[in-house]
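> give me coordinates for this.
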Amino acid sequence: MSRLVPRHLGIVPDGNRRWARRHGVPAQEGYLRGAARTVEVLRWCEEAGVETVTVWALSLDNAAKRPELPVMLEGIAALVESLTAGASRHVNVLGCPEHLSSLGLTELSARARDSAMGPYGGGTGHGNGTGAGAGDPYGGGDGRLRVNLAVAYDGREEIVAAARAVLAERGTEGLDSTAVGERLGRWGQPDCDLILRTSGEQRLSGFLLWQSLTAELHFSPEHWPDFDRAAFDAALTSFAGRERRFGA
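Here you go, the predicted structure:
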């Protein structure tokens, strides 16, 4: 009997800066190690049968206040380069193009604007970017992993964008929770099954606010660069052993 695996896994890869401090190396090294770890974890997700992974690479709040933002952006650039080097995954960028452009992330800004799934790509869910088609909210139907990279992302802003898209399509009479959920699904952001956060922090901080309603939560003590295969397997084992009540 096969083990239950989350279809949509959300990841808050926390602790890169603290890892660098602990090891006495520049923060830049921590973020680059974190980027490399993300690529490795995504490979484990593919092997486990996860269909969609949303990785919170940078919050909108941290983009505005973190003094080490330049090295964080360097780590994000390294991550994007690794993820887009081949065609083995569907890669979507979640984030406001204007915010991304202001950070100097012009390539990501274009990806967010053109992404077939992005809430800022015109609102139709049928853009011309690298994302999977809108028919299946979890994957592209070809067996490839969908990776949603959330950069300068805020869960509240995502909900506002979805509501605005519904209003534009259906007017006020068509705005309800079902319509908003369907809109997020069309953007490649269906309800989440499991949210994983590292470094011992036990909060969501606005990540996947809508999609986390019935999600299981797993908090791991390791800093993200130290999150190894054993810790990953422990998270999936914990998820598989839970009796999901879906909010009850």
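
> where's Gly200 relative to His218, distance?
Distance, Gly200 to His218, by C-beta to C-beta, to the nearest Å: 12 Å. C-beta coordinates here come from the backbone N, C-alpha and C atoms, glycine included.

> pull the distance from the helix or strand encompassing Leu196 to the chain's centre.
Using DSSP states H and E, Leu196 maps to strand 194-197. Strand 194-197 sits 10 Å away from the centroid of its parent chain (C-alpha atoms, centre = their mean, to the nearest Å).

> same for it, what does it pack against?
For strand 194-197, the packing partners by 3 or more C-beta pairs under 8 Å, 6 or more residues apart in numbering; DSSP states H and E come out as strand 8-12, strand 216-219, helix 229-240.

> secondary structure element for the nearest residue to Pro26 once chain neighbours are set aside?
Leaving aside its sequence neighbours, Pro26 sits nearest to Ala20 (C-beta to C-beta, 6 or more residues apart in numbering; 6.4 Å). Element membership for Ala20, per DSSP H and E: helix 16-23.

> now do that helix: everything it contacts.
If you take C-beta atoms under 8 Å, 6 or more residues apart in numbering as the criterion, helix 16-23 is touched by 26-31, 33-34, 68, 75, 199, 223-226.

> how about a cut-off of 10 Å?
15, 25-35, 37, 66, 68, 71-72, 75, 198-200, 222-227 (C-beta atoms under 10 Å, 6 or more residues apart in numbering).

> buried subset of those residues?
Using 16 or more other C-beta atoms under 10 Å as the burial test, the contacts of helix 16-23 include 15, 27-35, 37, 66, 68, 71-72, 75, 198-199, 222-227 as buried.

> before we move on, back to that, looking at the helices and strands packed on strand 194-197, which one is packed in the most?
strand 8-12 (a mean of 25; mean count of other C-beta atoms under 10 Å).

> in its sheet, what does that strand sit against?
strand 52-59 (parallel), strand 194-197 (parallel) (DSSP bridges).

> the last one - what's its average pLDDT?
When pLDDT is averaged along strand 194-197, the result is 98.

> where in the chain is pLDDT low?
1-2, 114-141, 246-248 (pLDDT under 70).
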